[in-house]
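Enquirer: Have a look; sequence and predicted model below, questions after that.
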Amino acid sequence: LGLSAGAVATMDRSVAKKLVLHIPALHPQNGSIVELSVNVQTAALLGIGLLYMGSAHRRTVEVLLGEIGNAPMSALCGPFHRKSFALSAGIALGMLLLGKGRTVFGLEDLQVEDVLFNYIRGLTRNKTHKQ
């Protein structure tokens, strides 16, 4: 988190690589499974938000939007951890889209506002199943 604070809005690759290690959603699908503390995952999400602030980086927006609706990948995840994880993903998403307005060129198909509204209503991302 400190490295990200020192590199706000720079998208510094060396800092990003360190943060990605702590966010399982950004690991390769066939990669090894590593047990990470929910607190570490939460801090890494906030770090990504700081690092990519205002960039509207598509892949990162996709991952953060998905992480808001997913539980953290940890065996020690309780309701408090779930809420803090979702909150940090939401704050990070807000930082990525900071100052971009309602429509961002290249992100229209993600329907960010609709997905967030469905999360508020208790629906999953695809709008058909309850969580």
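Expert: Sure thing, it's come through.
Enquirer: Buried residues of stretch 85-102, list them for me.
Expert: 85-86, 88-93, 95-97 (16 or more other C-beta atoms under 10 Å). Where you see a C-beta, it was placed from the backbone N, CA and C, and this is true even at glycine.
Enquirer: what's in contact with that stretch?
Expert: Contact with stretch 85-102 is made by 38, 41-43, 45-46, 48-50, 52-57, 60-61, 64-65, 67-69, 71-72, 77, 104, 112-113, 116, as judged by C-beta atoms under 8 Å, 6 or more residues apart in numbering.
Enquirer: try stretch 8-22
Expert: Stretch 8-22 has contacts (C-beta under 8 Å, 6+ apart) with 3-4, 7, 26-27, 36, 40-41, 43-44, 47-48, 50-55, 57.
Enquirer: Show me which of the contacts of stretch 85-102 are buried.
Expert: Using 16+ other C-beta under 10 Å, the buried ones in those are 38, 41-43, 45-46, 48-50, 52-53, 55-57, 60-61, 64-65, 67-69, 72, 112, 116.
Enquirer: what element comes up after the longest helix along the chain heading to the C-terminus?
Expert: As assigned by DSSP state H, the longest helix anywhere in the chain is helix 79-96. Per DSSP states H and E, the first helix or strand lying C-terminal to helix 79-96 is helix 112-120.
Enquirer: so what does that following helix touch, helix or strand wise?
Expert: helix 58-69 (3 or more C-beta pairs under 8 Å, 6 or more residues apart in numbering; DSSP states H and E).
Enquirer: let's go with 10 Å and repeat that
Expert: helix 58-69, helix 79-96 (3 or more C-beta pairs under 10 Å, 6 or more residues apart in numbering; DSSP states H and E).
Enquirer: What is the neighbour count of the residue nearest to residue 50 when sequence neighbours are not counted?
Expert: Leaving aside its sequence neighbours, residue 50 sits nearest to residue 4 (C-beta to C-beta, 6 or more residues apart in numbering; 4.0 Å). Using other C-beta atoms under 10 Å, residue 4 has 25 neighbouring residues.
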